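Asker: sequence plus the predicted model coming up.
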Amino acid sequence: MKNYDKYVLIFPLLLWLFLFLVLPYLFILTQSVLATDDFGKVVYDLNFDSYIKIFTNPLYYETLIRTFIYAIIVALACILLSLPLAYFIAFKVTKNKSFYYTLIVLPFWMSYIVRAYAWKVILGENGIFNSSLINMGIIDKPLRFVLYSDFSVILCLIYIFLPFVCIPIYTSFEQISKSLVEASKDLGANSWVTFRKVIFPLILPGVISGGTLALVLTLGDFLAASLLGGPNTLFISSIVQNLFGTSNDKPLGSAVGVVLLILVFIVLELSSRYEKKHETQ
């Protein structure tokens, strides 16, 4: 009986994964190789036109490339902002570290939509940002490019995903023995050399995991582009939303989703291999 206990315990989890993860993936994969009639109804005939359209129509492959570039920008910006913040909390703060950590996770207590809409208030023509610049005499009229543009979308995504990057980096900092830092300084290394030669190689797994998480989440995000993007702002996930909605082309939307999923798997695999390679060195 004991041999079956572990299977009984794991069965609900396997059932949940199969029903709500494996089956939806199989459904999307199957639907991506079907066709549609003139009225948008799915026709159950094997057809690869959706995949051909993705790689021949500039609207799809250029948007995918642009989205990936934006995702890299967001991930790098989150890493650059997280490193000094996490370093400060881990090495410079001696009391009430939990308070600073709470400040990092505080945005999670609010809805994504609320945080995205807050940037509309900040970046609007009469918002806090433009009003402050006008009052200081830096500009004469509001800057219109800061809202409803690629800039506002990227800025919002950096703000949204920053905690996802900062937390694993901070955890990596906390796992570093303080004696290693002290030994480096005793050997005559300055702060920059200590960080570059001792600290950064040790926190690299946290940097990779955090950056990968931000990159993957950006690839699948469409709310920021919908709320803060302009008429020319287009993310690949926004196209998927449109194909399943207004355009009613479910096979093409499924095909774009499959291509995006494969891209995410490739990023995760490369990240995992690089992290394992670093750990074995």
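Answerer: Everything's here; your move.

Asker: buried residues in the helix or strand harbouring P201?
Answerer: Element membership for P201 (DSSP states H and E) is helix 200-219. For helix 200-219, burial by neighbour count (16 or more other Cβ atoms under 10 Å) applies to 203-219. Using the backbone N, CA and C atoms, a C-beta is placed for each residue, glycine as well.

Asker: okay, and the nearest residue to Y61 once chain neighbours are set aside sits in which element?
Answerer: Spatial nearest neighbour of Y61, excluding adjacent residues (Cβ to Cβ, 6 or more residues apart in numbering): F55 at 5.7 Å. Assigned by DSSP H and E, F55 falls within helix 49-56.

Asker: packing partners of that helix?
Answerer: If you count contacts as 3 or more Cβ pairs under 8 Å, 6 or more residues apart in numbering; DSSP states H and E, helix 49-56 packs onto helix 58-87, helix 250-280.

Asker: with mean pLDDT and mean neighbour count added, can I get those helices in TSV?
Answerer: Formatted as TSV, these follow (pLDDT from 0 to 100; neighbours: other Cβ atoms under 10 Å):
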stretch	mean pLDDT	mean neighbour count
helix 58-87	94	18
helix 250-280	86	16
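
Asker: of the ones you listed, which approaches N242 most closely?
Answerer: Nearest to N242, of all the helices and strands packed on helix 49-56, is helix 250-280, at 8.0 Å by Cβ to Cβ.

Asker: would you mind listing the outside residues contacting the helix holding P201?
Answerer: With Cβ atoms under 8 Å, 6 or more residues apart in numbering as the test, helix 200-219 has contacts from 67-68, 70-72, 74-76, 78-79, 82-83, 157, 161, 164-173, 175-176, 180, 236-237, 260, 263-264, 267-268, 271, 274-275, 278-279.

Asker: which of the helices and strands packed on helix 49-56 sits closest to L223?
Answerer: Of the helices and strands packed on helix 49-56, nearest to L223 by Cβ to Cβ is helix 58-87, at 14.0 Å.

Asker: next SSE after the closest one?
Answerer: Once the chain leaves helix 58-87, the next helix or strand it forms, by DSSP H and E, is helix 97-105.

Asker: that next one: what's the following helix or strand?
Answerer: Remark: after helix 97-105, the chain's next helix or strand is helix 112-123, criterion DSSP H and E.
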